[in-house]
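[1] output the structure for:
(chains A and B)
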Amino acid sequence: MASEDIKLMAHLMRRGGFGASRDELEALARQGYEATVEALLNPETQEPSDHLEFLRYHPGFWKTITSPGMGSAPWLYDLINTQRVLQEKMALFWHQVFATGQSKIDHWHEVQNQVDMFRELGMGDYRELLLQLARNPAMIYWLDNCDNHAYAVNENWGRELLELFSMGVGNYTEDDVRECSRAFTGWTLAPMIPRNAHGRYDWGFEYREEDHDDDEKTFLGHTGRFNGEDIIDIICQQPATARFIARHLYNFFVADEAQVPAWSVTPPQDPEAIETLANAFTESNYNITEVLRVLFLSDFFKEARYAKIKSPAELVVSTLRLVGGYEFPAPGIGNLSKEPGYMGQELLNPPSVEGWHTGVEWINSGALMKRVNFAADMVGDVSRPGVAAMVDRLRSLGDLTPEALVDGCLDLMGPLEVREENRQQLIDHANESGALRWGDGNGAGTDPAAERVGEMLQLIVSMREFQYA
Amino acid sequence: MTTNRKDPVLVVLQLSGGNDYLNTVIPYLDPLYQDNRPAVRIPEEQILPIDQQVGLHPSMGPIAEMYSRGDVAIIHGVGYPNSPRSHFRSMDIWHTCEPDKMGTEGWLGLAARDLDPHKENVVTTVSFGPSLFRAVAVPGVPVACVDNLEGYGLLTGIASDERRSKILDRFTQMYSPTVGRDWVMDYLGETGLEAMKGADILKVAPGMYSSGVEYADTSIARKLKGVAQVHLADLGTRIFYCDHGSFDSHANQMGMHATLWTEVSEAVSDFFADLREHDAADNVIMLLFSEFGRRVHDNGSGTDHGAAGAAFVIGEPVKGGQHGEYPSRRAEDLQQGDLVPNLDFRGLYSTVLEDWLGLDATPIVKGSFEKPIFL
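    Numbering: from 1, shown residues only, chains lettered A, B, ... in the order given. Below you'll find the model as predicted:
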């Protein structure tokens, strides 16, 4: 059975990344927990992804006019292949918080550009991130700030900035929404070049002074001729903002919480943890890496093993990383990129600015079927390199009793901790075919013993326990 | 539970994002409509008048036709006090009937529990779309969540029938209830077993279906076609849920609102035509609602979040016509620039629950509210 070190490392890599193979976990455990946290927090110490590699193989995705349901394929490729796993996880985190969707933008590349911005800035200064978000063309179009004029205020961006991106409902008035929106008048898009037959052009940010309402505004008790930067400064100083970001990070990395709209009426399940994270946010001048360091080193994090339901993106990406075979941009990745959508999380296309309902709300009868079906199809294919590697590790243990087969598989699939009665079910299942005896080793695909491992893995990913991160 | 082919059936179509009441049921002769909508106004000659005061959006032709047959009830001024103008929060309030705290039980989940207290039918409620709507979610109440009826099933990718059935047997045992320890595991267990049972029941529906109605190629038409397939397969489903959107028309409202209503109107009209063709329309009503209406004055290209909205109840059994009063558009009567609701949505629900589904509404909507009489 796996040691506590391995279990804790697996937990860190599930949350701070998208899981890790047993070989990787053993290497990381030798390196130590704190050193691994530091490596995660310093992505520049790992090899960068070549973001253009995908496009070299699939040039049709370059600023494509349309690619229904396949537009997130380049990002999926990064998610599967990056070595800078926490950086990519944070891009996913901000995508879930600052939810921006292709359904309205109708320009995949712009939504992808926004995610690229999250990758670049998502572990740095939150103030800078909000500022770049306010200037992000996809966001400006998504929340209509291009229609927010000095003479006609459009409060879509102004409202969501306060409600969903920083403080949360209950911490500002309708007047604050209005004043905030006024401050962002003139923050708009540069004139767009129409698409041509071969693709689309990038959008740009433009500040138009003549369309900016430069009069006095009163926002959260402060009065002045505020522009957008001033509003963001005031927002960042609010204790409500620190708590809001703390709750988001807790919900994403530690344990499932109530949904965002409940936060004004439902206290956090671990108020001390939120306080700790919020203090780290304030004391570090809004530095997200500092908050993450406190989070990963905390006891409340280490003790939260399997306290979350995997998001569809986590389920798909961690399964693909586990089974392998997508290290180069293989054909079919477009179809794979639709999988999270079938489970209720279409990447780059959240249902609305409020993002997705997370935690147990990922699960419904249809979504659960899709999750089980996808994972079973993947791990049942023993020709995939990651599955073959698991088979090889088991083979190195020699012939296996049903019990040893089950424990060996559970160990390699996590280590996954399952209820004793469910472990017994697996053993009963294995018992139906008796002890596992390896063939002569002429290729895993032809060895019935390998197929039995594949079947056991399919059964394991069908379990409730597999749905947890 | 005994089911009867003619048991009353409710279909809910949620117009997500906040539908603009003023440009849906349009007070076209009101000068205040003209004044407040310099940019986002439907020209009078395009409006489909339904009386001397109001008319429907020009894209709603098929619904106007149903209205003229007496099959459409328009419910005016629906909402609730102190609208938060937040999509998420407002939708939650509509889903749970809890305006002051965070509700965890959806109104239709509670209705389904009353309709089928012993959970004899896991497809009493069928929801179309990849996510579960909170309106139908109550812990312990099964909901079949369907994205696409074709290929709906568990572990369908396993080619060997023998291996699949062995794993499914084991699945059933591993998902079976044990002495409860944590509710998430219990929820996963129930959901897994219901998914398997529901898939076995629902998978027959597309094969039994044939129709002369050709639905449009839109997402809402596909969903309503799925609703029709399940309803016509006579599987005992009493509550259907789906949505369409986004109606969040802060900008470029004119084109987008027209497209959305074209899609909804055609799909709804085709759906009822399909049911009529199969003599299965007389026990179905459809409720259309949105989480809020939009601001009275436009913002130059669209409209911002508002308060009161209009709901529609459609079907042969409804008392067609307009119910309630259109809220005043006079500046002094608005709240923060928004129409003030004069009918609590929980009253609308109460009519549906009591006078259609035959349930006691009070515990579901948590109180007594004035009921519009549209049934």
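
[2] how is residue 60 assigned, secondary-structure-wise?
    Reading this off chain A. What DSSP: H, G, I helix; E, B strand; the rest coil gives for residue A:60 is helix.

[3] hmm, no, I was thinking of chain B.
    helix.

[4] ok, it - contacts?
    B:24, B:48, B:261, B:265 (CB atoms under 8 Å, 6 or more residues apart in numbering or on different chains). Yep, even glycine has a C-beta here, placed from its N, CA and C like the rest.

[5] all helices of the stretch 151-300 of chain B, in order?
    B:161-175, B:183-202, B:205-208, B:219-232, B:253-277 (DSSP state H, counting those that start in this stretch).

[6] same question, the stretch 301-450 of chain A
    A:312-323, A:333-336, A:339-342, A:365-379, A:385-395, A:402-412, A:420-431, A:448-461.

[7] run through the residues of the stretch 1-150 of chain B sitting next to chain A.
    Residues of the stretch 1-150 of chain B found near chain A (CB under 8 Å from any CB of the partner chain) are B:16-17, B:84-89, B:92, B:101-102, B:127, B:130-132, B:134, B:137, B:142-147.

[8] what residues does the stretch 301-450 of chain A have near chain B?
    So the stretch 301-450 of chain A meets chain B at A:309, A:341-344, A:346, A:351-354, A:356-357, A:360-361, A:363-370, A:372-373, A:376-377, A:380, A:419, A:421-422, A:425-426, A:428-429, A:432 (CB under 8 Å from any CB).

[9] rewinding a little: out of the helices of the stretch 151-300 of chain B, which is closest to chain A?
    Each of those was scored for nearness to chain A using CB to the nearest CB, and the closest is helix B:183-202 (3.7 Å).

[10] could you give the angle of the closest one to helix B:161-175?
    140 degrees (axes from the mean of the first three to the mean of the last three CA atoms, to 10 degrees).

[11] neighbouring contacts of helix B:183-202?
    Contacts of helix B:183-202 (CB under 8 Å, 6+ apart): A:256, A:309, A:360, A:363-366, A:368-369, A:372, A:419, A:464, A:467, B:122-123, B:126, B:139-140, B:142-144, B:146, B:149, B:152-154, B:168, B:171-172, B:175-177, B:180, B:230, B:235.

[12] domain ranges for chain A?
    Chain A breaks down into these domains under automatic domain parsing: A:1-34, A:35-302, A:380-467.

[13] make JSON lines out of the ones you listed and add mean neighbour count, distance to residue B:251 and mean pLDDT.
    As requested, those are arranged in JSON lines below (neighbours: other CB atoms under 10 Å in any protein chain shown; distance: least, CB to CB, whole Å; pLDDT from 0 to 100):
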{"stretch": "domain A:1-34", "mean neighbour count": "18", "distance to residue B:251": "36", "mean pLDDT": "94"}
{"stretch": "domain A:35-302", "mean neighbour count": "19", "distance to residue B:251": "4", "mean pLDDT": "93"}
{"stretch": "domain A:380-467", "mean neighbour count": "19", "distance to residue B:251": "39", "mean pLDDT": "92"}
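
[14] show me where the stretch 201-350 of chain A has strands.
    A:205-207, A:217-219, A:222-224 (DSSP state E, counting those that start in this stretch).

[15] can you add distance to chain B and give the ones you listed back as JSON lines?
    Formatted as JSON lines, the strands of the stretch 201-350 of chain A follow (distance: least, CB to the nearest CB, whole Å):
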{"stretch": "strand A:205-207", "distance to chain B": "17"}
{"stretch": "strand A:217-219", "distance to chain B": "17"}
{"stretch": "strand A:222-224", "distance to chain B": "21"}
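
[16] between these, which gets nearest to residue A:390?
    Nearest to residue A:390, of all the strands of the stretch 201-350 of chain A, is strand A:205-207, at 47.9 Å by CB to CB.

[17] same for that closest one, what does it pack against?
    strand A:187-189 (3 or more CB pairs under 8 Å, 6 or more residues apart in numbering or on different chains; DSSP states H and E).

[18] what lies in contact with the strand it packs on?
    Contacts for strand A:187-189 (CB under 8 Å, 6+ apart): A:134-135, A:137, A:140-141, A:145-146, A:148, A:203-208, A:211-212, A:228.

[19] filter those residues down to the ones in helices?
    Members of these lying in helices (criterion: DSSP state H): A:134, A:137, A:140-141, A:228.

[20] filter those to keep only those in contact with chain B.
    Okay, of the ones in helices among the contacts of strand A:187-189, nothing touches chain B (CB under 8 Å from any CB).

[21] closest to residue A:264 among those residues?
    Distances from residue A:264 to the ones in helices among the contacts of strand A:187-189, taken by CB to CB, are shortest for residue A:134, at 23.6 Å.

[22] picking up where we left off before, could I get the helices of the stretch 151-300 of chain B as CSV with mean pLDDT?
    Shown next, in CSV, are these (pLDDT from 0 to 100):
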stretch, mean pLDDT
helix B:161-175, 93
helix B:183-202, 91
helix B:205-208, 93
helix B:219-232, 96
helix B:253-277, 97
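
[23] closest one to residue A:267 among those helices?
    helix B:183-202 (18.8 Å).

[24] and the closest one, which residues are buried?
    Across helix B:183-202, burial judged by 16 or more other CB atoms under 10 Å in any protein chain shown covers B:184-199, B:201-202.

[25] still on that earlier bit, got a quick PyMOL command for the buried subset of the residues of the stretch 1-150 of chain B next to chain A?
    The following PyMOL line selects those of those that are buried, judged by 16+ other CB under 10 Å:
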select buried, chain B and resi 16+17+84+85+86+87+88+89+92+102+127+130+131+132+134+137+142+143+144+145+146+147
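
[26] skipping its backbone neighbours, what lies nearest the residue most central in space within chain A in space?
    Centroid-nearest residue in chain A: residue A:92, 3.2 Å away (criterion: CA atoms, centre = their mean). With sequence-adjacent residues excluded and distances taken as CB to CB, 6 or more residues apart in numbering or on different chains, residue A:92 is closest to residue A:313, at 6.0 Å.
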